[in-house]
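Undergrad: All I have is the shape, not the residue letters:
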DNA sequence: CGTTACCTTGAATCTCCTCAATACACGTGG
DNA sequence: CCACGTGTATTGAGGAGATTCAAGGTAACG
């Protein structure tokens, strides 16, 4: 197996084979056929291990690789010239990173590792073969892209229309649900590896105002956020702030 | 035999054949192979003509059809229970409508015709054949989905981080560029068939504040917006307000 | 000619922002 | 071991920016 990757890749002598991928067991993902599993195992060219804070993609650049998150969290964001930053979404295990770069020849947002992460690496040039020979997987790629779009739509609605408390409730609830699906929650707690500044840049408020709104929500007993752990104390209260959300009816694919 | 087609799908007596689609001539779109053109002509099952104000899709529902816009404008939006509305994007000729419904079995936003529109109708069940037999077109579908995602990202950044004048400048400039690509602009003017309320719901401000900000921009000579026509008087001023924007490097596909 | 939809403007109020200062945890070097 | 810097969280105060309420104007239309 040739090894010709750069950046701060550590040698992973024992890359997880796709057949034994821990994500595969989760209910949230669809089952692969043997053929698909075979192809994907072959598609995967290695693993990339990066430390928290590392920039994975930079807006306006390109990359010969496509990634999925195996473990850890990352976040996608855009910045304006004067430094204002908008967080678009958080990437958790099973999520694609850099699909745009493969399709547009340029990526329109940056991506940074929020925790230490392990990424599965897929060479961009084989994406065509995937489309050519594995229609089901091609559909999956489209599914994932469309899903990203629908999440961005939810965030856009949130930032454009909801008030401070509702925005925070939406984001925390959304991340909680995702953590649950991935088996990352213990009871009603999960590890939330972000700062209040990340949250502020997600919901479009200043850090100070985010902090004060968090205080209000804490006081009304909605959640506890101590250190890196978030405990959802009163899920109903958060749901009431957010309102109903439409979710896809088809199972999540996974490459 | 009356030619009046309303709300319901009609067997259009003279549907535009894809080979003679006026959009095909535009530089902004990639060229099809004869084979692809053949398939798409066959994929298209008819045309749907709808009046301005008609709801094309309703959030949370489903549809056996997939549409592209042939002529006219539509807009995608989401609403909260109390009526607050967020416009996500505007659909212009060449844009998909309802791809999500085909992929998720449910659509996560509503779509309404902004002007009278003509839509090309594609039966959802043939999408699989497209993926199976026309890899290039399958890639195109993914391209369009990913492009929607990147536009939503720009809007999210706009609503989350830019101030009032910048938000308006961004949206107007974005629509102007799109109109230019589609050959809908005459000089630096184009038909902008929306109200200030649509704009307000796009940028996340109240109607009143949107109106007052528009006045400022008009006063500084950036544009004129009279009736349904928008004239970009000083493009540089708008660009300065918005800053640089990353665009895809691959040509836009078209189904 | 009255209704309706849209645009415009002023005034009062509230949300959110910026500035500024403090507090705490952590890691580093002296 | 402590002193110090750094990153993060917290809180208060004053002001800019956005909202709501209210009223009036204009153009289109049946």
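TA: That came through fine. Keep in mind that what you see is a predicted model, and the values were worked out from it rather than measured.
Undergrad: Next one: residue A:251, what pLDDT does it get?
TA: pLDDT recorded at residue A:251 is 76.
Undergrad: how near is it to residue B:62?
TA: Distance, residue A:251 to residue B:62, by C-beta to C-beta, to the nearest Å: 16 Å. Using the backbone N, CA and C atoms, a C-beta is placed for each residue, glycine as well.
Undergrad: So if I had to pick from these two, which one is more boxed in?
TA: A direct count of neighbours by other C-beta atoms under 10 Å in any protein chain shown for residue A:251 and residue B:62 places residue B:62 higher, at 16 against 12.
Undergrad: thinking residue A:141 is in contact with residue A:255, fair?
TA: Yes - if you go by C-beta atoms under 8 Å, residue A:141 and residue A:255 touch, sitting 7.1 Å apart.
Undergrad: shared neighbours, those two?
TA: Counting by C-beta atoms under 8 Å, 6 or more residues apart in numbering or on different chains, the residues touching both residue A:141 and residue A:255 are residue A:96.
Undergrad: Who has more neighbours out of the two?
TA: Using other C-beta under 10 Å as the criterion, residue A:141 and residue A:255 rank with residue A:141 on top: 25 against 22.
Undergrad: Show the contacting residues for that one.
TA: Going by C-beta under 8 Å, 6+ apart, residue A:141 touches A:96, A:99, A:127, A:130, A:131, A:255, B:142.
Undergrad: Sort out for me which of these are in strands.
TA: residue A:96 (DSSP state E).
Undergrad: Widest-spaced pair of the contacts of residue A:141?
TA: Maximum pairwise distance among the contacts of residue A:141 (C-beta to C-beta): 14.8 Å, between A:96 and A:131.
Undergrad: Surely residue A:28 and residue A:251 touch.
TA: Yes - counting by C-beta under 8 Å, residue A:28 does reach residue A:251; the two are 7.4 Å apart.
Undergrad: I'd like the distance between residue A:22 and residue A:182.
TA: Computed as C-beta to C-beta, the residue A:22 to residue A:182 distance reads 10 Å.
Undergrad: ignore the last one, residue A:28
TA: According to C-beta to C-beta, residue A:28 and residue A:182 sit 7 Å apart.
Undergrad: now do residue A:226
TA: Using C-beta to C-beta, one gets 22 Å for the distance from residue A:226 to residue A:182.
Undergrad: Between these two, which is the more surrounded one?
TA: Between residue A:226 and residue A:182, counting by other C-beta under 10 Å, residue A:182 is the more crowded of the two (19 against 8).
Undergrad: ok, now which ones touch that one?
TA: A:23, A:26, A:28, A:92, A:93, A:94.
Undergrad: Please name the nearest non-neighbouring residue to residue A:171.
TA: residue A:202 (5.7 Å; C-beta to C-beta, 6 or more residues apart in numbering or on different chains).
Undergrad: Report how many residues lie close to that neighbour.
TA: Neighbours around residue A:202, by other C-beta under 10 Å: 28.
Undergrad: so what's it up against?
TA: Neighbouring residues of residue A:202 by C-beta under 8 Å, 6+ apart: A:86, A:87, A:155, A:171, B:160.
Undergrad: what helix or strand is the fourth one on?
TA: It refers to residue A:171. helix A:164-181 (DSSP states H and E).
Undergrad: near DNA strand C, anything from that helix?
TA: Yes - interface with DNA strand C: helix A:164-181 contributes residue A:164 (C-beta under 7 Å from any atom of the strand).
Undergrad: Identify the residues contacting that helix?
TA: Residues from elsewhere that reach helix A:164-181, judged by C-beta under 8 Å, 6+ apart: A:26, A:28, A:90, A:92, A:154, A:158-159, A:162, A:185, A:188, A:190-192, A:199, A:202-205, A:209-210, A:213-214, A:216-217, A:222-223, A:230, A:232, A:235, A:237-239, A:241-242.
Undergrad: From the rest of the structure, what touches the helix or strand following it?
TA: Per DSSP H and E, helix A:164-181 leads on to strand A:185-186 as the next helix or strand towards the C-terminus. With contacts defined as C-beta under 8 Å, 6+ apart, strand A:185-186 is touched by A:176, A:179.
Undergrad: Now do strand A:185-186: distance to the chain's middle.
TA: Distance of strand A:185-186 from the chain centroid (C-alpha atoms, centre = their mean, to the nearest Å) equals 18 Å.
Undergrad: What average pLDDT does it get?
TA: Averaging pLDDT along strand A:185-186 yields 95.
Undergrad: Could you list the paired strands of it along with their orientation?
TA: Partners of strand A:185-186 in the sheet, by DSSP bridges, are strand A:189-191 (antiparallel).
Undergrad: picking up where we left off before, DNA strand C next: which of the contacts of helix A:164-181 are close?
TA: A:204, A:205, A:209, A:213.
Undergrad: Selection in PyMOL covering whichever of the contacts of helix A:164-181 are buried, please.
TA: Selection of buried members from those for PyMOL, criterion 16 or more other C-beta atoms under 10 Å in any protein chain shown:
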select buried, chain A and resi 90+92+154+158+159+162+185+190+192+199+202+203+204+205+210+213+214+217+222+223+230+232+237+238+241+242
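Undergrad: Return the per-residue confidence for residue A:16.
TA: 82.
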